[in-house]
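Trainee: using only what follows, build the 3D model:
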Amino acid sequence: MSQAVAVTLWKGLRSETPTPRRDCADVWYAFSNFIKRDPASMPKRFLAFSAIFLMAIPAVGEQDWPLHGGSQTNQRFSPLNHINEQTVSRLGLVWSQELGTSRGLEATPIVADGVIFTTGSWSVVFAFDARTGKLKWTYDPRVPRERAYFFCCDVVNRGVALRNGKVYVGTLDGRLIALDETSGTPVWSVQTTDPAAQAYSITAAPAIAGDKVVIGNSGSEYGVRGYITAYDAETGKQVWRFYTVPGDPSKGFESKAMEVAAKTWHGKDWWKAGGGGSPWEGMTYDPDLDLLFFGTGNASTWYRALRGEGDSLYTACILAVKASTGELAWYFQTTPADSFDFDATQPLMQADLSVGGGLRKVLLQANKNGFFYVLDRQTGKFLSGAPFVSGITWASGLDPKTGRPIEYPGVGDANPKLLSPESTGAHNWNPMAFHPATSLVYFPARVGTQMVHVPDRKWKYDPDRDNVGIDGNYEGPLFAKMVSLPPPFGELLAWNPVAQKAVWSAKYPVLDGGGVLATGGNLVFQGRSDGILAAYCATDGRQVWQFDAATGIMAPPVTYTVEGVQYVTILAGWGGAPGLMNTPAVGAAKSGWGRILTFALDGKAVLKAPHFGHKNPPLPAITAKQDPQAVHTGALLFNSHCFLCHGLNAVAGSLPDLRYSSKAVLDSLPAIVLDGERASAGMPSFQKILSKKEVAAIRAYIIARAQETAGPTPASQRR
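Mentor: Just a heads-up that it's a prediction; the model follows:
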């Protein structure tokens, strides 16, 4: 059945109040007519038509959201259709709960038997009554705030896993904890990372693979050796571990896979920097194949001109391992010899699609590097790939047979360069969705982003700081060139993975869109960084509903039923790397207090969001003119070390804007930055990174920025 036919049928079968008897009859009547026209096409038509048939009737019984991606396929599709394009105008807020944080919220809620299980910042777990929003229990793993320096992209967590009465959560300090589903009390806890290696962290939701719970880790920017570990879901006993990069060759290899990988690493003592390859997101499990699929992060350091040439396996890879043993089944490297922070950790989606004249079990990914990949998930064979954003400047395309990127000359050398996409990617961790009736994949795309890459030729591995390898002292012409380019923009893409082209797109007024949900009501739900949760028609992209959540949204929505009522739930909380760095490119993103919101038809609740941030420009606490040289030095230091939390050029997003600091805070800066006076609150010590003189320069820069951006001085304070 062609996509056009499927969409036509789908449009004709939607109604405001579905009646199973009438809808089934209509579906089969239409189907029989199609078969009569072309009996030879019956097998293909039946496969496509069955998806439509399942969505034309209401779901029977209660519908939970039991897994991170909705199902093992990670398609984030629900057949629920009480909320559809005819009724969605009646969708309203039923309840909301403040989560007491201004940090990023990225979790996918898990819903089972009328209870929502989700996470907030600092790996805190919540259980809510799905119908009323009443808090049933909460669990705080008490992650040491002093470790915050080694959390590259905010103190986020992407959710829990649920199995056999246990709720599993990975924590920022590297633990995997099983909680009792009814009380939230710990059942068991294991340290999945080396406690002495501070650079490790966990932000991903655990994955369930049969009787095992699997977790990866983060930290490639700092210098770690990535791996995933499988534990017995009942006892917490380690079953197997798969490393993503090799260790010191002189100590031997854990597997044949590591021996093969070591041959692709070159350069002096490359293993001392850990290698990276952190599998920090993007797992999915196929029980029929007994394969666990996941992506890996960048190499340490970012730049091959610094760490040594070679493909650096298995960084920036999509891998499949046997879930029963942890043995490597296959790999596909999306960005060989990565020099751009193009992780392959974006969501991986399973689907059965007609590719090359036959039905194939495929794996889909919209990669950071700007290309959409279709792989055979049984073998890892590259089937097709195409750019899903315009303006890619690091590669001209993909080899049609191997899928290897065709790099432009010189992009991997040590010279400064301006490249697109930026390191945050054309698409990042935000989940995508697949609709069986349209056969389209829906995901947020970031178009036209740019980054100035300047490898630091003096870089040496330092375990006490980040090991990205960027020269923070560069002041060349590429920044001016970047500013002169058209601003980037974000859009929701409806992508045909077979034809490898966009069917429709919906442009945002901001750069970043959140995760996506597709439903049987011909709807696609998605939040944005300006705080808007919107619903679009899955077939044509028309926006049919929106709600202002009062803070930016990164997380994906989920839908489910309780007592026959369909609900939509989402976490709103702007942060992560884009929210913290707060570059001008993000546009009118909305920082604020984070919350969980739940909607249903005819919901009448009113959101009363507490005020966040500053209404007026800063009023400088110190008016004395600062030494220009100190300010200049401080600017370079701030935008190398401080902007990752407090914003580019000291204009903050979700964390304190230092331009508004009091004189007491400014005078206490050495104690705060060097002595760790506020380490217990998440402001780590930089004693091993910055000197007193450098902190004084940063202070001068903050004062100067407050003066530059200040509003008119009130008459009462004029002298």
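Trainee: would you map out the domains in this protein?
Mentor: What automatic domain parsing lists as the domains of the chain is 3-57, 78-601, 628-717.
Trainee: low-confidence regions, the protein specifically.
Mentor: The chain contains residues with pLDDT under 70 at 1-61, 712-719.
Trainee: could I get the domains of the chain as CSV with distance to residue 70 and mean neighbour count?
Mentor: Where you see a C-beta, it was placed from the backbone N, CA and C, and this is true even at glycine. CSV is the format used below for the domains of the chain (distance: least, C-beta to C-beta, whole Å; neighbours: other C-beta atoms under 10 Å):
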stretch, distance to residue 70, mean neighbour count
domain 3-57, 14, 15
domain 78-601, 6, 21
domain 628-717, 28, 18
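Trainee: now the most centrally placed residue in the chain. Nearest residue, chain neighbours left out?
Mentor: Centroid check for the chain by C-alpha atoms, centre = their mean gives residue 429 as the closest residue, at 2.3 Å. Leaving aside its sequence neighbours, residue 429 sits nearest to residue 281 (C-beta to C-beta, 6 or more residues apart in numbering; 4.8 Å).
Trainee: coming back round to it: closest to residue 67 out of the domains of the chain?
Mentor: domain 78-601 (7.1 Å; C-beta to C-beta).
Trainee: now the end-to-end length of that closest one.
Mentor: By C-alpha to C-alpha, to the nearest Å, the extent of domain 78-601 from end to end equals 17 Å.
Trainee: list the neighbouring strands of the helix or strand harbouring residue 187 plus their orientation.
Mentor: In the assignment (DSSP states H and E), residue 187 maps to strand 186-191. Strand 186-191 sits in its sheet next to strand 175-180 (antiparallel), going by DSSP bridges.
Trainee: what residues does the strand it pairs with touch?
Mentor: 125, 139, 141, 165-171, 185-192, 202, 206, 213, 215, 231, 233, 236 (C-beta atoms under 8 Å, 6 or more residues apart in numbering).
Trainee: how far does it sit from its chain's centre?
Mentor: Centre-to-centre, strand 175-180 and its host chain are 22 Å apart (C-alpha atoms, centre = their mean, to the nearest Å).
Trainee: could you tell me which residues make contact with residue 208?
Mentor: 67, 161, 162, 163, 168, 214, 233, 285.
Trainee: from residue 219, how far out is the closest residue to the third one other than its chain neighbours?
Mentor: Read it as residue 162. In this structure, residue 162 finds its nearest non-sequential neighbour in residue 110, 5.0 Å apart by C-beta to C-beta, 6+ apart. Relative to residue 219, residue 110 is positioned 25 Å away (C-beta to C-beta, to the nearest Å).
Trainee: how close does the residue nearest to residue 162 sit to residue 527?
Mentor: If you measure residue 110 against residue 527 using C-beta to C-beta, the figure is 18 Å.
Trainee: circling back: what's opposite the residue nearest to residue 162 in the beta bridge?
Mentor: residue 117.
Trainee: do I have it right that it meets residue 117?
Mentor: Yes - counting by C-beta atoms under 8 Å, residue 117 is a contact partner of residue 110 at 4.6 Å.
Trainee: who touches both of those two?
Mentor: Contacts common to residue 110 and residue 117, judged by C-beta under 8 Å, 6+ apart, are 160, 162, 167.
Trainee: which of the three states applies to the last one?
Mentor: What it means is residue 167. strand (DSSP: H, G, I helix; E, B strand; the rest coil).
Trainee: any idea how far the closest residue to it other than its chain neighbours lies from residue 256?
Mentor: Using C-beta to C-beta, 6+ apart and skipping the chain neighbours, the partner closest in space to residue 167 is residue 179 (4.4 Å). As defined by C-beta to C-beta, residue 179 lies at a distance of 37 Å from residue 256.
Trainee: for the residue nearest to the centre of the chain, pull up the helix or strand it's in.
Mentor: Judged by DSSP H and E, residue 429 forms part of no helix or strand.
Trainee: which residues does it contact?
Mentor: Residue 429 neighbours (C-beta under 8 Å, 6+ apart): 106, 158, 281, 282, 345, 346, 347.
Trainee: from these, which ones fall inside strands?
Mentor: For the contacts of residue 429, not one is inside strands, with DSSP state E as the criterion.
Trainee: want to throw the residues you listed into TSV with distance to residue 676?
Mentor: TSV is the format used below for the contacts of residue 429 (distance: C-beta to C-beta, whole Å):
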residue	distance to residue 676
106	27
158	29
281	30
282	34
345	31
346	35
347	37
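Trainee: need the contact list for residue 123.
Mentor: Residue 123 neighbours (C-beta under 8 Å, 6+ apart): 141, 143, 155, 157, 169, 170, 171, 172, 202.
Trainee: from residue 672, how far off is the third one?
Mentor: For residue 155, the distance to residue 672 under the criterion C-beta to C-beta works out to 18 Å.
Trainee: ok, back up a step: got a markdown table for the domains of the chain, with distance to residue 71 too?
Mentor: Formatted as a markdown table, these follow (distance: least, C-beta to C-beta, whole Å):
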| stretch | distance to residue 71 |
| --- | --- |
| domain 3-57 | 13 |
| domain 78-601 | 9 |
| domain 628-717 | 32 |
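Trainee: residue 618: which of those domains is closest?
Mentor: Nearest of the domains of the chain (C-beta to C-beta): domain 628-717, 4.2 Å.
Trainee: hang on, the earlier thing: need the next SSE after the strand holding residue 187, C-terminal direction.
Mentor: strand 207-209.
Trainee: what pairs with that following strand, parallel or antiparallel?
Mentor: When DSSP bridges is applied, strand 207-209 pairs with strand 212-215 (antiparallel).
Trainee: sheet partners, orientation included, of the helix or strand just after the partner strand?
Mentor: Sequence-wise, the next helix or strand downstream of strand 212-215 (DSSP H and E) is strand 227-232. Take DSSP bridges as the rule and strand 227-232 pairs in its sheet with strand 212-215 (antiparallel), strand 238-243 (antiparallel).
Trainee: out of the ones you listed, nearest to residue 575?
Mentor: strand 212-215 (22.0 Å).
Trainee: C-alpha coordinates for the closest one, PDB please?
Mentor: Coordinates of the C-alpha atoms in strand 212-215 are reproduced here as PDB (Å, rounded to 0.1, in the frame of the first residue of the first chain):
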ATOM      1  CA  LYS A 212      18.800  -8.100  33.000                       C
ATOM      2  CA  VAL A 213      19.000  -4.300  33.600                       C
ATOM      3  CA  VAL A 214      21.700  -2.600  31.500                       C
ATOM      4  CA  ILE A 215      23.300   0.800  32.100                       C
END
